[in-house]
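S.K.: for reference, the sequence and a predicted model appear below.
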Amino acid sequence: MNDLEARLRAAFDAQAQTFEASPHAWARIRDRRPRRAQSRWLLAALPVALLAVFVPVLLNGGLGRNSAADPDAIYQRLMTDRTAAGESVTVDNPSEGRPLRLWFARAKLGNPELCYVMERAAADPYGGCAPIDLNEDTAVWITGGSRREDVPTALNWGVSGQDVGAVTGVTKAGQKVPGTLVAPDGAPYKIWTVTYPAQDELRSVEYADPKGRGLGQWAYDNWTGEEPPAGAPLNLTDGVSVRPHTYKGGTALYWTRAGLVLGGGSMKAATEPVMAFVNDDVITGFARKDVARVEMSTRGGGTASAETRPDPWNLGVVLFSAATPAGDWRGGYQIVAYDALGKEVWRRNEPSRVPSDETPEKAVGEVMTIPGTEEFAGGPIRAWFSPVDNGMTMLCRSGDATPGRRRCVASQQGFFPQQATSYLPQPGAQIYLGIGWDDYESVEAVLADGQRVQAEFLRGKDTPARVWYVKLPFDADLLAFSYKVKGRSQAKIKRFDKGCERRATISEAPRVSLPANVSALLTDRGCVAFWEGGEIVPSLPGPLPGVKLSQLFGPERKLWWGNGNNAWYGYAPAGTAKVVATMKNGVAATAETTPDPWGQGVAFFAGPKPENADFSAGMTITGYDADGKELWRD
């Protein structure tokens, strides 16, 4: 890896992982729009070494290894290094008029996947397996589809958590299409499907609880965005098609399969004679006109060969696709290009991408092994510091058995936990780790049952900081982290459970009514949820097990407050009757309090936001009692 590639990788990870989750995240989830993939041109500019790392992370679909005419043969091939996790289901696929087989499996490292075999009306079947990483922020996951422009009806499918009771597809034109949920016997998740008009592309999936109460929306972007097609799609082997699109800078190529984009980008960004996009089960790409064949081989001994096809759009390139060969390409592979006479014209060797084999190209100080992870199937978990610009410190790790997770976090101070999961040996385990800055005295993981697990600190030779880590059982219900900083009288809380707002939305517990059309609910998951005019707004920290809200105050913090659309709100020490925020522009905002109905020793408050209010740094917040006497100032 050269310096440019290393800096680009650092930029990707820093941008994705540096910042703490916004308190507005839940509100955005409920109204999320399809993302425009600003990084797609950058991806195309990267050599195949980085494409092999980033493309599978950004894709949601798995791809087929076998184009044999027998669907059972494809199933057997897919299950060579996997074990079934529940019964298979078969659904009607209107795009092909043939059945679609879906089932859950455990991959070699034990991580869950959703697999499929798609039979086709006029071509060979194909199939694949897509990794799953559902969490508190993502209750549904789109893994595949059958959309083609030459059929009237399409099908998309994916995964949902067990608490999801209904899904609804939302098309580009805004049409809402009810979906279907299936719970296979013995499966870890549910499978959802949505059938919709193929000419009206599906853009998102809304999901609700079993009582129909909305939980959120998952939107996806197939990378091509709104760039118009510049020609008809060209069908290649193994269910892959490629199509040019125009944009301000020129022409881009995109490869699709199972209704989802595999990869692609600007042709001007090509830096090699062959631009190859390696996914879990398919290699695709384009090359200069003298390349007649592209061959990929893995260190496991498998080889796949793809004959190139001239582009029908007069772009001056040839195109190819092929199922990846037997063996795990993440263990290392090579790609070789040949001309029509069989002469080699280009070659690239790729190192291992197996989690346990990952090693840093550059590290600041020692590469540390996290104790207690030596037997992990994807491990051991190793951690190291990498250089990054702008005075930031980047902590990287390897050994996580969940594909697609970012493995580096860059930050300037701050508490940013990383998670690494091991599924094997059973029953599995979770490892959390982060940068242990010099002023950290302790770090604790706080579980839902009240248990607190003390983190250990590790410092390697010549490293710029310590690493803290904690090992938890796989099924541990983690609520938050509590960490003590030198010079502060109270521990700081980093909430890890991000599903508070979602659970509060479907809770039947009564809320307390506050002024300014605001209401609040104390949850049992470590947060206080707020609504303004019936719409959820950013929540505030709640009590952890064995702790009351009143204990979250101290010399460094006199109150907790949030900022809604037209109101501000929060909670303050008991006895407070009025809260006044005086802003640096001279505007004052007043909020009245409401008694605490939950015995937490606080007073809840809310008030309207005055015109020209500037709720930003530099304002002073003061609390008064019923007689107008000042009680506290923050």
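M.R.: That came through fine.

S.K.: so where is the stretch 151-300 of the chain shaky, pLDDT-wise?
M.R.: 221-226 (pLDDT under 70).

S.K.: and for the stretch 451-600 of the chain?
M.R.: In the stretch 451-600 of the chain, residues with pLDDT under 70: 497-498.

S.K.: can you do 80?
M.R.: By pLDDT under 80, the weakly predicted segments of the stretch 451-600 of the chain are 496-503, 524-526.

S.K.: now do the strands in the stretch 251-400 of the chain.
M.R.: For the stretch 251-400 of the chain, applying DSSP state E, counting those that start in this stretch gives strands covering 260-266, 274-278, 282-288, 293-298, 303-307, 309-310, 317-323, 333-338, 344-350, 368-369, 382-386, 393-398.

S.K.: would you format those strands as a markdown table with distance to residue 522 and mean neighbour count included?
M.R.: For the C-beta atoms, the positions are set from N, CA and C on the backbone; glycine is no exception. Output for these, formatted as a markdown table (distance: least, CB to CB, whole Å; neighbours: other CB atoms under 10 Å):
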| stretch | distance to residue 522 | mean neighbour count |
| --- | --- | --- |
| strand 260-266 | 42 | 24 |
| strand 274-278 | 49 | 24 |
| strand 282-288 | 50 | 26 |
| strand 293-298 | 54 | 21 |
| strand 303-307 | 58 | 17 |
| strand 309-310 | 62 | 14 |
| strand 317-323 | 54 | 23 |
| strand 333-338 | 54 | 21 |
| strand 344-350 | 52 | 15 |
| strand 368-369 | 41 | 19 |
| strand 382-386 | 37 | 23 |
| strand 393-398 | 35 | 22 |
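
S.K.: among the ones you listed, which is nearest residue 589?
M.R.: Of all the strands of the stretch 251-400 of the chain, it is strand 393-398 that lies closest to residue 589, at 37.8 Å by CB to CB.

S.K.: before we move on, back to that, reformat the strands of the stretch 251-400 of the chain as a markdown table; add distance to residue 376.
M.R.: Listed next are those as a markdown table, based on distance: least, CB to CB, whole Å:
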| stretch | distance to residue 376 |
| --- | --- |
| strand 260-266 | 30 |
| strand 274-278 | 25 |
| strand 282-288 | 29 |
| strand 293-298 | 23 |
| strand 303-307 | 30 |
| strand 309-310 | 43 |
| strand 317-323 | 30 |
| strand 333-338 | 24 |
| strand 344-350 | 24 |
| strand 368-369 | 11 |
| strand 382-386 | 11 |
| strand 393-398 | 11 |
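
S.K.: so which of those strands is nearest residue 76?
M.R.: strand 317-323 (14.6 Å).

S.K.: go ahead and name everything in contact with the closest one.
M.R.: Defining contact as CB atoms under 8 Å, 6 or more residues apart in numbering, one finds that strand 317-323 is touched by 63-67, 126, 234, 236-238, 240, 242, 253, 255, 267, 281-289, 291-292, 294, 296, 304-311.

S.K.: of all the strands of the stretch 251-400 of the chain, which one is nearest residue 629?
M.R.: strand 393-398 (46.5 Å).

S.K.: isn't residue 515 up against residue 579?
M.R.: No. Between residue 515 and residue 579 there is no contact under CB atoms under 8 Å: 10.8 Å.

S.K.: who has more neighbours, the two?
M.R.: Taking neighbours as other CB atoms under 10 Å, residue 515 and residue 579 compare with residue 579 leading, 29 against 17.

S.K.: show me the beta-bridge partners of the more buried one.
M.R.: Counting by DSSP bridges, residue 579 forms beta bridges with residue 591, residue 623.

S.K.: and it, how close does it get to residue 518?
M.R.: Using CB to CB, to the nearest Å, residue 579 is found at 13 Å from residue 518.

S.K.: re earlier: any residues in contact with both of residue 515 and residue 579?
M.R.: 591, 605, 607.

S.K.: from the residues you listed, which is closest to residue 175?
M.R.: Nearest to residue 175 among these, with distances taken as CB to CB, is residue 607, at 40.9 Å.

S.K.: so who does the residue lying closest to residue 187 once chain neighbours are set aside touch?
M.R.: Setting aside the residues directly before and after it, residue 187 is nearest to residue 86 in space (CB to CB, 6 or more residues apart in numbering), at 3.0 Å. Counting by CB under 8 Å, 6+ apart, residue 86 makes contact with 103, 104, 184, 185, 186, 187, 188.

S.K.: the shared contacts of residue 515 and residue 579 into JSON lines, with extra columns for neighbour count?
M.R.: Formatted as JSON lines, those follow (neighbours: other CB atoms under 10 Å):
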{"residue": "591", "neighbour count": "28"}
{"residue": "605", "neighbour count": "27"}
{"residue": "607", "neighbour count": "22"}
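
S.K.: closest one to residue 162 out of these, please.
M.R.: Closest to residue 162, out of all of these and judged by CB to CB, is residue 605, at 37.8 Å.

S.K.: the closest residue to residue 276 other than its chain neighbours bridge partners, please.
M.R.: Spatial nearest neighbour of residue 276, excluding adjacent residues (CB to CB, 6+ apart): residue 285 at 4.0 Å. Note on residue 285: beta-bridge partners residue 276, residue 320, judged by DSSP bridges.

S.K.: for residue 285, give its distance to residue 432.
M.R.: Applying CB to CB to residue 285 and residue 432 gives a distance of 38 Å.

S.K.: for residue 560, see how far away residue 510 is.
M.R.: As for residue 510, its distance to residue 560 is 21 Å (criterion: CB to CB).

S.K.: more neighbours: the two, which one.
M.R.: Using other CB under 10 Å, the more surrounded residue of residue 510 and residue 560 is residue 560, with 18 against 9.

S.K.: hey, what's that one bridged with?
M.R.: Bridge pairing for residue 560 - DSSP bridges - gives residue 571.

S.K.: kindly report the same for residue 470.
M.R.: residue 432.

S.K.: residue contacts, it?
M.R.: 431, 432, 433, 443, 445, 453, 454, 455, 456.

S.K.: now flag whichever of these is closest to residue 597.
M.R.: residue 445 (30.4 Å).

S.K.: can you give me the helices for this protein?
M.R.: 3-17, 25-30, 40-45, 48-58, 71-78, 500-506 (DSSP state H).

S.K.: which parts of the stretch 101-250 of the chain are strands?
M.R.: Going by DSSP E, counting those that start in this stretch, the stretch 101-250 of the chain shows strands at 112-118, 126-131, 140-145, 153-160, 166-171, 176-178, 180-182, 190-197, 202-208, 214-219, 234-235, 241-247, 250-257.

S.K.: nearest to residue 300, of those?
M.R.: Comparing those under CB to CB, the one sitting nearest is strand 126-131, at 17.2 Å.

S.K.: list the buried residues in the closest one.
M.R.: By neighbour count with 16 or more other CB atoms under 10 Å, strand 126-131 contains the buried residues 126, 127, 128, 129, 130, 131.

S.K.: can you check stretch 147-160 too?
M.R.: Buried residues in stretch 147-160 (16+ other CB under 10 Å): 147, 148, 154, 155, 156, 157, 158, 159, 160.

S.K.: again with stretch 189-203
M.R.: 189, 190, 191, 192, 193, 194, 195, 196, 198, 201, 202, 203.

S.K.: export the contacts of residue 86 to a markdown table and append columns for distance to residue 616 and neighbour count.
M.R.: Shown next, in a markdown table, are these (distance: CB to CB, whole Å; neighbours: other CB atoms under 10 Å):
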| residue | distance to residue 616 | neighbour count |
| --- | --- | --- |
| 103 | 52 | 24 |
| 104 | 48 | 25 |
| 184 | 51 | 18 |
| 185 | 54 | 8 |
| 186 | 53 | 10 |
| 187 | 48 | 22 |
| 188 | 45 | 15 |
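
S.K.: can you redo those as JSON lines with distance to residue 596?
M.R.: As requested, these are exported to JSON lines (distance: CB to CB, whole Å):
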{"residue": "103", "distance to residue 596": "50"}
{"residue": "104", "distance to residue 596": "45"}
{"residue": "184", "distance to residue 596": "46"}
{"residue": "185", "distance to residue 596": "47"}
{"residue": "186", "distance to residue 596": "46"}
{"residue": "187", "distance to residue 596": "43"}
{"residue": "188", "distance to residue 596": "40"}
